[in-house]
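Colleague: predicted model, plus sequence, below.
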Amino acid sequence: MMIMAEEIVTQCAIATHGNLKIDYQGTEISLERPWRRETMHSLVKEATGIDFNSFGQDVEAAKIAVFETVVESTLVQPTFVLDYPVEISPLAKPHRSHAGLTERFELFICGREIGNAFSELTDPIDQRSRFENQIKQHNAKRATMAKGVKSTEGEGDEDDYSYEVALDEDFLTSLEYGMPPASGMV
C-alpha cells in the first residue's frame, strides 16, 4: 500500500506538474522516492524527547496531545508514519511483531495527512472486543459531557460524543463467516 501511495502521488505530480519537485508556499517538497518511513513512537521521541510509552494506557490522549499537536506539522517532506497503537486503530490488524500496535500507516506531506491505510482486522473475536471497548470509552466520555464537564482535548469535542454508538452485529457476523486478508487506503 505504501508503494501504491507513492506511485499514485508521483504519477499525479508528473501528470499535473511535470516534475517531482513541488514548491508549496515557498517550501520545496521532493516527491522523489523512496519516502521516509518512521514509527509514530520514534517520531514523537525525535520531536519531543518523550517516550510514547510513558503515557501508559491513555494512548489516545498521547496521540492528540503529542503527535497531532507537535509532530504532524514537522512532517513537511513525504513521510509514512507507521505502527499506530491498537487503541486508535479499531479496524486494523494487530502488528505481527509488536504487541499493542497495528499494521497501519498514515502518509503526511506538508504537515497534513494525505492518506491512511492498514491491514484489515479479520478476526471477529478481536474485532468484537475492540468495538466493545470503543463503545465503553465513547459512553464514558458521553456521560462526562452530559454532566457538563468540559473536555481538555480540544474545541468541538462535545459534538464527537453527542450521538449513540451501537455494536455493528451485521459486520461482526460477516467476519464470523470469514474474510480473506485485505488492506485498504483512504
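Modeller: Arrived safely, thanks for sending.
Colleague: contacts and neighbour counts: CA atoms only from here.
Modeller: Fine.
Colleague: all helices for the protein, in order.
Modeller: Listed in chain order, the helices of the chain (DSSP state H) span 2-17, 40-48, 59-62, 124-146, 157-160, 169-177.
Colleague: among those helices, which comes closest to Ala117?
Modeller: Nearest of those to Ala117, taken as CA to CA: helix 2-17 at 8.3 Å.
Colleague: only alpha carbons, please: show the closest one as CSV.
Modeller: This file holds the C-alpha atoms of helix 2-17, laid out as CSV (Å, rounded to 0.1, in the frame of the first residue of the first chain):
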residue,chain,number,x,y,z
MET,A,2,2.9,2.4,0.7
ILE,A,3,4.4,1.7,-2.7
MET,A,4,1.0,2.2,-4.3
ALA,A,5,0.5,5.5,-2.5
GLU,A,6,4.0,6.7,-3.7
GLU,A,7,3.1,5.7,-7.2
ILE,A,8,-0.3,7.5,-7.2
VAL,A,9,1.1,10.7,-5.8
THR,A,10,4.2,10.8,-8.0
GLN,A,11,2.3,10.0,-11.2
CYS,A,12,-0.2,12.7,-10.4
ALA,A,13,2.6,15.2,-9.8
ILE,A,14,4.3,14.3,-13.1
ALA,A,15,1.0,14.5,-14.9
THR,A,16,0.0,17.8,-13.5
HIS,A,17,3.3,19.5,-12.8
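Colleague: for that helix, buried residues please.
Modeller: Within helix 2-17, the residues that count as buried by 16 or more other CA atoms under 10 Å are 2, 5-6, 10-11, 13.
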